[in-house]
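A.B. asks: Kindly return the folded structure for what I paste below:
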Amino acid sequence: MTKWIGLKRKSTGAARRKNRKNKRYEIGSDYIPSLIGNTKKREIRVRGGNKKIRILLAQFANVIHNGKYSKTKILTVIENRADPHFVRRNIITKGAIIKTELGKAVVISRPGQNGIVNAKLIEEKS
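C.D. replies: A predicted model of the protein is given here:
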């Protein structure tokens, strides 16, 4: 279903009366989860003719450790505060803790907005 961003509210929480129709630029976009798999991206046109890259499937993450980035394979999602069910479905969002070949890492980028998975190592593999 289409999500409109144009609804404004009063300080009491009541909806303000609309004085015009909805505009096309007020439409929100559907949520497309970023999953683990062979890398697949989609380019989306946004307002102003700009482009946004959504990552649909991610196989690798750029993990930062001791000030250096290294490209490592994502094995699974361990924890995701955004939604506990995202762990079961292996959905990657910002703040998700992923298991990589180097160890546990927390995602610091927004894969659905940037089209890349950047992470910071929090626990090395022993």
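A.B. asks: centre of the chain versus the lowest-mean-pLDDT helix or strand in the chain, how much separation?
C.D. replies: Between all helices and strands in the chain, the lowest mean by mean pLDDT, DSSP states H and E belongs to helix 111-114, at a mean of 92. Mean-position distance between helix 111-114 and its chain equals 5 Å (C-alpha atoms, centre = their mean, to the nearest Å).
A.B. asks: can you check stretch 24-38 too?
C.D. replies: Centroid displacement of stretch 24-38 relative to its chain, using C-alpha atoms, centre = their mean, is 9 Å.
A.B. asks: Compute the first-to-last residue distance for that stretch.
C.D. replies: Counting by C-alpha to C-alpha, to the nearest Å, you get 34 Å between the two ends of stretch 24-38.
A.B. asks: Give the buried residues for the least confident helix or strand of the chain.
C.D. replies: Across helix 111-114, burial judged by 16 or more other C-beta atoms under 10 Å covers Pro111, Gly112. (C-beta placed from N, C-alpha, C; glycine too.)
A.B. asks: Repeat that for stretch 54-68.
C.D. replies: Going by neighbour count (16+ other C-beta under 10 Å), the buried part of stretch 54-68 is Arg54, Ile55, Leu56, Ala58, Ala61, Val63, His65.
A.B. asks: biggest strand in this structure by residues?
C.D. replies: strand 68-79 (DSSP state E).
A.B. asks: Give me the contacts around that strand.
C.D. replies: Strand 68-79 has contacts (C-beta atoms under 8 Å, 6 or more residues apart in numbering) with 36, 58-63, 86-87, 90-92, 96-102, 104, 117-118.
A.B. asks: quick one on the thing from earlier: now do whatever helix or strand comes next after the least confident helix or strand of the chain: which elements does it pack against?
C.D. replies: The first helix or strand that comes after helix 111-114 along the chain, using DSSP states H and E, is strand 118-124. On a contact count with 3 or more C-beta pairs under 8 Å, 6 or more residues apart in numbering; DSSP states H and E, strand 118-124 meets strand 60-65, strand 97-100, strand 103-107.
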